[in-house]
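S.K.: sequence? don't have it. structure:
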């Protein structure tokens, strides 16, 4: 009888321990990555988006892509352009490091496009990579120059603050329309 109780107790303990062991084996979800609020969000960066769209339009037209290929190319270019913009910001003063990162990003693009393009299209793309990269860099430098000029102009000649196009000071300092004398509340 003692054996029966100990076997029953053992069976009961095993039955209770099995779910606990399974619960310990359940994988916890990975921790949520904290976004750095001091850096612009890649998906909200209009410069990177415009740059990727312009390059994608050029490549779609040049390589004669269908709708599926064009959509995949746009997604790939958006990702790679965001990475390029980040690398250009981080390594603005370190040209060798920037070139190394740029080469790595372009290699990633090549690998991803290999799965999207046909053999003929990929051959055409591979031959024209230098042309695409040059067009992208030219657009990026032009966009940066235009943005810098717009910033300088906005500081030197600020736009009116109010909606009715009023300026802060008189447009013509000699055209003072106030009558001479003290015209207070009681003046008639």
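M.R.: Ah, there it is. Keep in mind the model is a prediction, meaning the values are calculated, not measured. Residues are numbered from 1 along each chain as shown.

S.K.: tell me where the model's unsure across this protein.
M.R.: Scanning the chain for pLDDT under 70 picks out the ranges 1-46, 143-188.

S.K.: which residue packs closest to residue 117, ignoring adjacent ones?
M.R.: The shortest distance from residue 117 to any non-neighbouring residue, by CB to CB, 6 or more residues apart in numbering, is to residue 125 (6.0 Å). Bear in mind the C-beta positions are built from the backbone N, C-alpha and C, glycine included.

S.K.: what's the helix or strand for that neighbour?
M.R.: Take DSSP states H and E as the rule and residue 125 turns out to sit in helix 119-156.

S.K.: and residue 129, what does it touch?
M.R.: 106, 110 (CB atoms under 8 Å, 6 or more residues apart in numbering).

S.K.: could you measure from it over to residue 109?
M.R.: 9 Å (CB to CB, to the nearest Å).

S.K.: likewise residue 79?
M.R.: 9 Å.

S.K.: the two - which one has more neighbours?
M.R.: More neighbours surround residue 109 than the other of residue 79 and residue 109, with 22 against 17 (other CB atoms under 10 Å).

S.K.: contact partners for the more buried one?
M.R.: Contacts of residue 109 by CB under 8 Å, 6+ apart are 76, 77, 80.

S.K.: among those, who's most crowded?
M.R.: Among the contacts of residue 109, the one with the most neighbours (other CB under 10 Å) is residue 77, at 27 neighbours.

S.K.: so that one versus residue 97, what's the distance?
M.R.: 23 Å.

S.K.: where does residue 94 fall, phi/psi-wise?
M.R.: Dihedral angles of residue 94 (phi, psi; degrees, to the nearest 10) stand at phi -130, psi 90.
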